[in-house]
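Trainee: test case, fold it:
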Amino acid sequence: MLCDLYEFTMSNGYLKSGNRDKIACFDVFFRQIPDGGGFAIMAGIEQVLDYIENFRFSEEDIAFLKRKGIFDEAFFDYLRNFKFSCDVYAFPEGTPIFPKEPILTVKGPIIEAQLMETMLLLLINHQSLIATKANRIVRAAAGRPVYEFGSRRAQGVHAAILGARAAYIGGCLGTACVACEQIYGIPSVGTMAHSWVQMFDSEYEAFKAYAEIYPDSCALLIDTYNVIKSGMPNAIKCFNEVLKPMGKRPLAVRVDSGDITYLTRKMRVMLDEAGYPDCKIMASNSLDEYIIRDTLFQGAKIDSFGVGERLITSKSEPVFGGVYKLAAIEENGRIIPKIKISENVTKMNIPHFKTVYRLFEKKTGKAIADLVALREEKIDFTKPIEIFDPDYTWKRKVVEDYVVRELPVQLFSKGKRVYDSPDVKSIQKYCLNEVANLWDEVTRFENPHNYYVDLSQKLWDVKNELIMKCNQGV
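Mentor: Below you'll find the model as predicted:
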């Protein structure tokens, strides 16, 4: 029932107009990369699989829709006996994705495909947004661990759990969200809040009690009162008087406020001089990729980061903008392409039933471009191939000595699930490997290189012919 009302009104209309069995092809694609980046990260497919596999209507759902007073009884019978029978294709989770290319395709009876719209977009838009933001933050940390700390600032229960999952796919090593570990096996981490320190008569007593309870994983939050004058001296005293007699070493100290660059440089000196060079320094407090990058550039001595609100909400750009558009219908076994024309060219879709290939330079393994082609099209990838900018067609390049991979995998065949989602750790590994296959010019934060999503000549001809016909009023 998490559908926009127009999905029901159109579906009822398709049924009443005799179009219920007409085969349609819908694409999910997005138009703009968040934060002006060079790429985004595909995420949310595991939840798409679960949603489609369990899609059905209860009698309570139908009774509610009846109260709307706008649907036919035959439509309720259809919903009561609903059975998904579409084919579904999608890029695997963790794949770098780019504007305009079809990252998910649903092909099947028009009503079934139409009813998928809202939830597919919700799942893919949200998790792709967070995975993309997380990957930016992880890259800014330059090899230092990043942990997702944002549950309390997430926009709802599911946003907290699935956001933590998406952040892990993007490269975070763990989360503060225990439910996410319970469900997905993503490590949950955390030690204490300021309230622990405030509960005791002194900061030292708070540290001492915690170290006695958790001697093997002692990490202290040292900024409740004053990091340099109080927090660090009391932490070191605790390490000396509690952990050292046990033969234990401290795990970390965390700072959550103040000038993090200045403080962590002082903290590192104090820890080293006290004989704890192995004690890690963790920083949190409204961090994002730019703050992290700047603090490290300024010489901050930080070993790991806890990132909350600006990650879990993608605060700098909180909308992914994926859309679900009709690309073709099928009549008598023949694909008829469909296009949306707009004066805003970014809103135009790529017509037809398609697939996407990624070309990699054989020598370096780096991605060269994506090629969107007709699914039925046979391309000889054993030979050099000419690719061209679909908007500025004089920009052409002959690619030689390359390897190619078809990106979409089939999730459902005639309504039957045919794809098993990898575990989230495998997805993360795949994601990081795929990002490493992008050129540095594509992954930089400012003014990244425009990665090309090209059309095959046949597909470009189809699109151009439809545009010409529309211009001629045909």
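Trainee: I'd guess residue 183 is in a helix, am I close?
Mentor: Yes. Assigned with DSSP: H, G, I helix; E, B strand; the rest coil, residue 183 falls within a helix.
Trainee: what helix or strand does the spatially most central residue of the chain sit in?
Mentor: The residue lying closest to the centre of the chain (Cα atoms, centre = their mean) is residue 128, at 2.4 Å. In this structure, residue 128 sits in helix 117-140 according to DSSP states H and E.
Trainee: beyond that helix, next helix or strand please.
Mentor: Next along from helix 117-140, by DSSP H and E: strand 146-148.
Trainee: and stretch 20-27, which residues are buried?
Mentor: Burial within stretch 20-27, assessed by neighbour count using 16 or more other Cβ atoms under 10 Å, is assigned to 20, 23, 24, 25, 26, 27. C-beta here means a position set from N, CA and C on the backbone, and glycine is covered the same way.
Trainee: in helices, which of the residues you listed fall?
Mentor: Among these, the subset assigned to helices under DSSP state H is empty.
Trainee: going by distance to residue 295, which of these wins?
Mentor: residue 27 (41.1 Å; Cβ to Cβ).
Trainee: am I right that that closest one is in contact with residue 327?
Mentor: Yes. With contact defined as Cβ atoms under 8 Å, residue 27 and residue 327 form a contacting pair (4.8 Å).
Trainee: how many residues are close by the nearest residue to residue 448 once chain neighbours are set aside?
Mentor: Closest residue in space to residue 448, ignoring its immediate chain neighbours: residue 38 at 3.0 Å, by Cβ to Cβ, 6 or more residues apart in numbering. By other Cβ atoms under 10 Å, 22 other residues sit near residue 38.
Trainee: in which helix or strand does residue 326 reside?
Mentor: Residue 326 belongs to strand 322-331, assigned by DSSP H and E.
Trainee: what's the angle from that strand to helix 117-140?
Mentor: 130 degrees (axes from the mean of the first three to the mean of the last three Cα atoms, to 10 degrees).
Trainee: pLDDT score for the residue nearest to residue 448?
Mentor: Model confidence at residue 38, given as pLDDT, is 98.
Trainee: so how far is residue 440 from it?
Mentor: 10 Å (Cβ to Cβ, to the nearest Å).
Trainee: okay, now the unreliable bits of the stretch 201-350 of the chain?
Mentor: Across the stretch 201-350 of the chain, nothing is flagged by pLDDT under 70.
Trainee: the helices in it, which residues?
Mentor: 203-213, 232-238, 244-246, 260-273, 289-297, 309-312 (DSSP state H, counting those that start in this stretch).
Trainee: burial count for residue 156?
Mentor: For residue 156, using other Cβ under 10 Å, the count is 10.
Trainee: quick revisit: now the common contact residues for residue 27 and residue 327.
Mentor: Common neighbours of residue 27 and residue 327 (criterion: Cβ atoms under 8 Å, 6 or more residues apart in numbering): 102, 105, 349, 350, 354.
Trainee: dump those residues to a markdown table, plus distance to residue 33.
Mentor: Output for the shared contacts of residue 27 and residue 327, formatted as a markdown table (distance: Cβ to Cβ, whole Å):
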| residue | distance to residue 33 |
| --- | --- |
| 102 | 16 |
| 105 | 20 |
| 349 | 18 |
| 350 | 17 |
| 354 | 20 |
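Trainee: redo the residues you listed as CSV? Include neighbour count and distance to residue 424.
Mentor: Putting these into CSV (neighbours: other Cβ atoms under 10 Å; distance: Cβ to Cβ, whole Å) gives the following:
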residue, neighbour count, distance to residue 424
102, 25, 24
105, 27, 24
349, 22, 31
350, 22, 31
354, 27, 28
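Trainee: show only the entries of those residues found in strands.
Mentor: Taking DSSP state E, the ones among the shared contacts of residue 27 and residue 327 that sit in strands are 105, 354.
Trainee: can you tell me which of the shared contacts of residue 27 and residue 327 is nearest residue 270?
Mentor: Of these, the one sitting nearest to residue 270 (Cβ to Cβ) turns out to be residue 102, at 55.2 Å.
Trainee: what's the closest non-adjacent residue to that closest one?
Mentor: Per Cβ to Cβ, 6+ apart, closest to residue 102 is residue 27, 3.9 Å.
Trainee: which one of the shared contacts of residue 27 and residue 327 is nearest to residue 300?
Mentor: residue 102 (42.3 Å).
Trainee: got the confidence number for that closest one?
Mentor: 98.
Trainee: now it: how far from residue 258?
Mentor: To residue 258, residue 102 is 48 Å away according to Cβ to Cβ.
Trainee: same question for residue 203.
Mentor: Residue 203 is 16 Å from residue 258, by Cβ to Cβ.
Trainee: between the two, which one's more packed in?
Mentor: Taking neighbours as other Cβ under 10 Å, residue 203 and residue 258 compare with residue 203 leading, 23 against 14.
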